[in-house]
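J.: Just the structure for this:
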Amino acid sequence: MASLSSSLSALQFTASDIFGTRPKLSSFVQIRTSTFLKPFVVEARGNARVSSPKIRNRRIRKKFNGTPMKPRLSVFCSDKQLYAMLVDDQNKKCLFYGSTLQKSIRGDPPCSTIEAAKRVGEELVKASIELNIDEISTYDRNGNARGDRMQAFEVAISRHGFLPN
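T.: Residues are numbered from 1 along each chain as shown. Reported below is the predicted structural model:
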């Protein structure tokens, strides 16, 4: 009888064992959690207006290519200066380069950058006449807005007929 009672004690089940309602171990054990929770913040991508000029410029360069007789006019305007190039994309050559930093354009008594940008445009027109270039394939502003320097440059080259009115 003793052996029967010891074997029954080993086979004793509770209702939670049969029906699977046993409490989970995690409810008995305290788990340390941090008291500071980061708020869920959804941030938008960057300012699309800032990054889009460079992306737009890459698309333009894929579509338009300069040739020796119809080069691409590429103009870059930094915070203080203006740089202009006539580019032959087929032969990968720069036909003309001018900037407002050049001493020949700036003059002995230095002029303002707006006046220098106008002189860069005039030098570009002289160089295009020497190279027998009558028109350009594309006017590439590198995604820059038309500021004072850019407008002074455009006035000088539009007189030659490079830009539409």
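J.: Quick check: the closest residue to I105 other than its chain neighbours vs S99, distance?
T.: Nearest residue to I105 in three dimensions, chain neighbours excluded: R119, at 4.8 Å (CB to CB, 6 or more residues apart in numbering). To be clear about C-beta, it is placed using only N, CA and C from the backbone, and glycine gets the same treatment. The spacing between R119 and S99, counted by CB to CB, to the nearest Å, is 11 Å.
J.: what does E130 give?
T.: 19 Å.
J.: now do E122
T.: 14 Å.
J.: Low-confidence regions, the protein specifically.
T.: Scanning the chain for pLDDT under 70 picks out 1-38, 42-51, 60-61, 63-64, 164-165.
J.: max-length helix in it?
T.: Assignment by DSSP state H gives helix 113-130 as the longest helix of the chain.
J.: Give the next helix or strand downstream of that one.
T.: Next in sequence after helix 113-130, counting helices and strands by DSSP states H and E, comes strand 138-140.
J.: In terms of secondary structure, what does that following strand contact?
T.: Helices and strands touching strand 138-140, by 3 or more CB pairs under 8 Å, 6 or more residues apart in numbering; DSSP states H and E, are helix 48-63, strand 72-77.
J.: With just CA atoms, put the last one into PDB.
T.: Same thing as strand 72-77. Provided in PDB are the C-alpha atoms of strand 72-77 (Å, rounded to 0.1, in the frame of the first residue of the first chain):
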ATOM      1  CA  ARG A  72      26.900  72.900 -73.100                       C
ATOM      2  CA  LEU A  73      27.100  76.200 -71.100                       C
ATOM      3  CA  SER A  74      27.600  75.200 -67.500                       C
ATOM      4  CA  VAL A  75      27.400  78.000 -64.900                       C
ATOM      5  CA  PHE A  76      28.000  77.600 -61.100                       C
ATOM      6  CA  CYS A  77      27.400  80.300 -58.700                       C
END
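J.: can you confirm E154 is in a helix?
T.: Yes. If the criterion is DSSP: H, G, I helix; E, B strand; the rest coil, then E154 is within a helix.
J.: ok, now how distant is it from E135?
T.: As judged by CB to CB, E154 and E135 stand 15 Å apart.
J.: Have a look at those two and say which one is more surrounded.
T.: E154 (19 against 12; other CB atoms under 10 Å).
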